[in-house]
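3D model of this:
(one chain, ligands or ions: 1)
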Amino acid sequence: MAVLPILRFPDPRLRRVALPVGAVDDRIRQLAADMLETIYTAPGRGLAGPQVGVLRRIFVIDATWKEGTPTPRVFLDPELIDASETLHAGTEGCLSIPGLPVTVSRPAEVTLRWTDLDGAPRSERLTGAEAICAQHELDHLNGRLIIDLMDADARAAAAPALAAMERA
Ligand code: ZN
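Residues are numbered from 1 along each chain as shown. All right, here's what the predicted structure looks like:
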């Protein structure tokens with residue numbers, strides 16, 4: 001396995017809509033393993049293809065390893081099937097926007113459909129931290145970042161830091 005370099009805001013690849021993975025092969029399985037290794041090293045809880053320069057619809061999450069119980073999961077060509085009306089507001093960080101935590105409100109539970117590493121279709125209701133991580137990473141596949149989800153006050157507060165990143 002290998003630790004992959006992570007693209008940082010404002011790299012334009014983070015704003016692209018990723019393309020379907022399609023057929024699952026060893027190259028994708030290797031990428032998934034490398035992406036998991038990368039989040040354990042970063043450290044983070046999730047990573048999407050575009051963040052490592054792969055504009056394909058793949059993301060990995062492990063919402064619990066930091067609490068001592070690893071639950072690595074890989075999602076290929078994920079689709080959002082349903083989202084709860086109940087929202088959860090929490091602080092999220094992004095490995096591509098280091099040092100800028102953002103308060104984000106999202107559906108507390110979501111149902112996703114995706115393809116697993118054996119090429120089999122899967123679907124599941126995700127709850128808790130997994131639901132939040134999965135939505136954060138799904139956003140990445142559509143070129144959306146947590147800074148797009150800030151309210152006006154947070155946007156104003158973050159403006160200097162974002163401007164500095166854009167100049168860097
Ligand atoms: Zn992120």
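
pLDDT-wise, which helix or strand of the chain ranks last?
helix 152-167 (a mean of 95; mean pLDDT, DSSP states H and E).

Packing partners of that helix?
Judged by 3 or more Cβ pairs under 8 Å, 6 or more residues apart in numbering; DSSP states H and E, the packing partners of helix 152-167 are strand 102-107. The way it works is simple: take the backbone N, C-alpha and C, and place the C-beta from them, glycine included.

Okay, buried residues for the helix or strand just after the strand it packs on please.
As assigned by DSSP states H and E, the chain's next helix or strand after strand 102-107 is strand 110-115. Using 16 or more other Cβ atoms under 10 Å as the test for burial, strand 110-115 gives 110, 111, 112, 114, 115.

And the pLDDT at the residue nearest in space to the middle of the chain?
Centroid-nearest residue in the chain, with Cα atoms, centre = their mean: residue 137, separated by 2.0 Å. With respect to pLDDT, residue 137 scores 98.

give me every residue that touches the residue nearest to residue 149 when sequence neighbours are not counted.
Once flanking residues are discounted, residue 149 sits nearest to residue 104: 5.0 Å by Cβ to Cβ, 6 or more residues apart in numbering. Shown here is residue 104, whose contacts under the criterion Cβ atoms under 8 Å, 6 or more residues apart in numbering are 89, 90, 91, 92, 136, 146, 149.
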